[in-house]
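Engineer: sequence below, structure please.
(one chain, ligands or ions: 1)
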Amino acid sequence: MLSDSEVFDLRPRLTALSANLWWGWNTDLDPVFRSIDPDLWTRVGHNPVAFLRDVTPDVLEAAQRNAWVLAQTTHAEKTLREYLESDRHWASSNAPGLQASPVAYFSAEIGVDESLPIYSGGLGILAGDHLKSCSDLGVPTYGVSLLYRDGYFTQQIDADGNQVESYRSLDADRSPIEPIRDANGATITLEFAFGDGSITAELWEAKVGRCSLILLDILDCAPALKPYASRLYGGDVDTRILQEFVLGIGGYRALRALGVRPGVLHLNEGHCAFAALEAVAQRMEETGLPFGRVAPYIVDSVAFTTHTPVEAGHDRFAPGAVLTALRPVIGRLGLSDEEFLGFGRVNPGDPDEPFCMTVLAIKMSHRTNAVSSLHAAVSRRMWQSLWPARRVSDAPVGHITNGAHLNTWVAEELSQLYADSLGPNWKHHVGDADLWRRIESLDDFDLARVKLALKQRLLDFVATREDERNQRLGLDDSPSEFRFDVLTIGFARRVASYKRALLLFDDMDRARQILTDPKRPVQIIFAGKAHPADEPGKAISRRLVEISRDPVFRNHVTFIEDYDKPVTSRLIQGCDLWLNTPRRPLEACGTSGMKAVFNATLNCSTLDGWWGEAYDTLNGFAFGEGRIHESEEAQDRHDALALLNVLEREVIPLYYDREDEDIPVRWSRRVKHALKTLAWRYNSDRMVKDYTMRVYLPAAKKLTADVRCT
Ligand SMILES: *Cc1c(COP(=O)(O)O)cnc(C)c1O
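Structural biologist: Okay, here's the model as predicted:
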């Protein structure tokens with residue numbers, strides 16, 4: 001107990017700490033809140049801003065007298081301060097040139113933490129992981145996105161197995177964001193001419209370690225669009241154009257209004273491609289030079305990452321709608337309507353061709369990147385007609401394979417265990433292949449023990465979720481009786497047809513035999529949201545729910561509602577096997593399997609996306625032989641059979657092979673081999689280093705070499 005004179009005012013200190021999302025991937029602050037009020041900390045979903053809103057004065061008062069709380073708070077302050085002030089990071093020695101010409105990273109969704117719910121899934125989480133690695137490595141980066149007040153939908157499953165969508169409003173007072181203020185303390189609102197009207201947007205900021213995430217909050221727009229403008233992927237085409245206008249045009253204007261002159265524009269997916277046009281328009285206004293002189297020079301500083309070969313992932317707008325919406329911008333660019341539309345068309349002269357944001361992004365960037373080697377090959381074929389004089393193999397589309405942010409996804413218990421083998425500073429060198437070789441010395445029993453504890457935590461979570469759902473639906477079912485000594489498979493991702501969540505159940509009889517084998521049983525946990533407009537996807541989730549409710553599969557199959565970042569974490573940490581069944585070659589990369597690797601969970605997947613280049617026959621399991629069949633039906637039937645075979649012949653025997661021990665020794669060895677061969681490579685530090693050396697630095701050099709567009 002501390003005396004009055006020793007008590008410091010804890011609230012402002014914790015408020016200052018909670019204002020930087022750094023706490024989302026570092027463990028220093030978490031124990032402070034946990035010890036002040038553990039129940040509240042759980043209730044607010046580990047959101048420090050919400051915690052400080054809800055904590056009662058007497059609880060905080062008591063905490064102020066707790067010497068440990070104060071010491072840990074001081075430690076967190078010191079760690080954050082050193083992190084922010086240090087200039088001894090990777091970029092200071094490898095990319096000093098970027099300090100004067102920072103990267104502007106545009107993305108329609110950026111998922112840093114669940115307390116800032118402005119993302120839907122893989123693309124957004126990847127963007128958040130990218131920004132965190134930029135921060136850790138010291139790559140000066142401004143994230144730019146929209147502040148979706150209603151975010152992405154929350155999923156519930158009704159009594160008939162249907163997905164029910166609802167939108168929860170963001171409470172800015174409970175989120176780690178602040179409006180940006182000018183020198184007089186006033187908030188900053190930008191106004192844009194849009195169509196024949198105008199839009200206003202207020203600027204907000206989230207601090208992501210050393211980086212800043214600039215968010216545009218759409219305040220005023222056409223009344224018909226207003227209800228949807230605040231939803232992520234929840235509106236129609238007109239909403240979409242509006243949002244992409246604000247993201248690209250507004251985003252670039254926001255940076256300039258804040259005094260930022262980016263040296264590199266990174267367009268993460270085509271949604272944000274208008275940003276490049278705004279950069280051209282501004283430079284034309286500054287220099288008085290025409291479009292033809294300025295555009296090639298801006299293009300040299302723009303990088304584009306394409307994320308999917310799936311058609312629905314590429315926005316195509318009716319030419320008339322784009323012309324109306326962008327009328328004022330087209331005027332500033334000094335282009336005719338046809339010239340302008342040509343930038344969004346493969347065949348500029350075809351008046352019937354819609355305006356495609358991906359085409360605009362490709363034409364307005366110096367370099368197009370796919371997100372895995374296979375995806376690059378597919379994208380070259382997909383967009384080859386943009387370069388009719390070139391052969392497919394010469395189409396200028398390269399790749400940088402995605403990565404996941406290790407510190408965000410690794411379980412704390414495992415992280416401590418890895419330190420035994422990798423050394424106390426291992427988290428600062430996660431991209432170092434030599435470091436990960438040392439994982440071989442990890443004790444198999446320790447590894448198995450920690451994994452069992454994580455699995456038990458997952459199973460408790462599953463039981464709680466099932467209980468809540470049963471109560472809500474008025475069912476008197478008891479939760480599944482899942483066991484921690486049973487091989488546990490996780491399958492969680494967006495529910496889309498090509499991901500084939502039902503592949504395992506193609507042959508129901510054989511699936512039942514395999515899962516319910518009394519000697520070597522299997523339990524599988526599904527989760528996933530279908531896009532609100534994707535009816536086939538919704539039918540798949542309905543069928544999954546139906547199977548999970550079938551008494552035959554009781555205690556072997558379940559479906560957890562509302563797949564989100566916290567659900568991902570629990571699953572990848574607690575499962576033994578991470579299953580992925582995309583129809584090759586439609587999974588551009590996939591990142592959840594990388595998060596699984598960090599957590600000593602083995603992958604079993606078709607040879608699609610990242611797994612096509614990562615699998616070495618011993619670091620997990622594969623099925624389908626990397627073949628692409630003539631018809632989808634043939635491919636699905638073949639892969640379904642191959643999946644059951646690999647489970648029956650390889651996965652299950654390996655897991656239950658105990659070599660006279662009571663832990664799966666050979667399984668543990670394979671896990672260590674997976675960590676050794678995969679963790680250093682498929683993490684976002686390696687990805688950001690690749691982007692910096694191959695894309696950002698060359699782009700920034702060109703820009704600074706030629707400031708006046710001579
Ligand atoms: C990682 C992640 C994804 C992406 O997973 P894929 O394997 O690429 O499908 C989607 N949603 C959430 C919430 C995630 O954490």
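Engineer: around I118, how many other residues sit close by?
Structural biologist: I118 has 27 neighbouring residues, counting by other CB atoms under 10 Å. Just so you know, the C-beta spots here come from the backbone N, C-alpha and C atoms, and that holds for glycine as well.
Engineer: wait, is it part of a strand?
Structural biologist: No: according to DSSP: H, G, I helix; E, B strand; the rest coil, I118 belongs to no strand; its state is coil.
Engineer: chain neighbours aside, what residue packs nearest to it?
Structural biologist: By the measure of CB to CB, 6 or more residues apart in numbering, the closest residue to I118 outside its immediate chain neighbours is Y148, 4.8 Å from it.
Engineer: secondary structure element holding F106?
Structural biologist: strand 103-107 (DSSP states H and E).
Engineer: other SSEs contacting that strand?
Structural biologist: Counting contacts by 3 or more CB pairs under 8 Å, 6 or more residues apart in numbering; DSSP states H and E, strand 103-107 is packed against helix 122-137, strand 141-146, helix 251-257, strand 264-268.
Engineer: buried set for it?
Structural biologist: For strand 103-107, the neighbour count (16 or more other CB atoms under 10 Å) marks V103, A104, Y105, F106, S107 as buried.
Engineer: can you name the residue of the stretch 351-500 of the chain nearest to the ligand?
Structural biologist: R493 (3.5 Å; CB to the nearest ligand atom).
Engineer: which pLDDT value goes with the nearest residue to R666 once chain neighbours are set aside?
Structural biologist: Using CB to CB, 6+ apart and skipping residues adjacent in sequence, the residue nearest R666 is D657, 5.3 Å away. Per-residue confidence (pLDDT) for D657: 94.
Engineer: thinking D657 is in contact with I663, fair?
Structural biologist: No: if you go by CB atoms under 8 Å, D657 and I663 don't touch, sitting 10.6 Å apart.
Engineer: compare those two (neighbour count), which wins?
Structural biologist: I663 (16 against 12).
Engineer: what's the distance between that one and the ligand?
Structural biologist: 28 Å (CB to the nearest ligand atom, to the nearest Å).
Engineer: contacts only, for the residue lying closest to that residue once chain neighbours are set aside.
Structural biologist: Spatial nearest neighbour of I663, excluding adjacent residues (CB to CB, 6+ apart): A448 at 3.8 Å. A448 is in contact with I663, P664, S668, counting by CB atoms under 8 Å, 6 or more residues apart in numbering.
Engineer: how many neighbours does the second one have?
Structural biologist: Translated: P664. Neighbours around P664, by other CB under 10 Å: 21.
Engineer: that older thread, okay, the helices and strands packed on strand 103-107 in a markdown table with mean neighbour count, mean pLDDT and distance to R483 next?
Structural biologist: Shown next, in a markdown table, are the helices and strands packed on strand 103-107 (neighbours: other CB atoms under 10 Å; pLDDT from 0 to 100; distance: least, CB to CB, whole Å):
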| stretch | mean neighbour count | mean pLDDT | distance to R483 |
| --- | --- | --- | --- |
| helix 122-137 | 27 | 98 | 30 |
| strand 141-146 | 28 | 98 | 42 |
| helix 251-257 | 22 | 98 | 50 |
| strand 264-268 | 29 | 98 | 42 |
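Engineer: in CSV, list the ones you listed along with distance to the ligand.
Structural biologist: Shown next, in CSV, are the helices and strands packed on strand 103-107 (distance: least, CB to the nearest ligand atom, whole Å):
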stretch, distance to the ligand
helix 122-137, 3
strand 141-146, 16
helix 251-257, 23
strand 264-268, 14
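Engineer: now the stretch 601-710 of the chain against the ligand: closest residue?
Structural biologist: Closest point on the stretch 601-710 of the chain to the ligand, by CB to the nearest ligand atom, is G609, at 7.7 Å.
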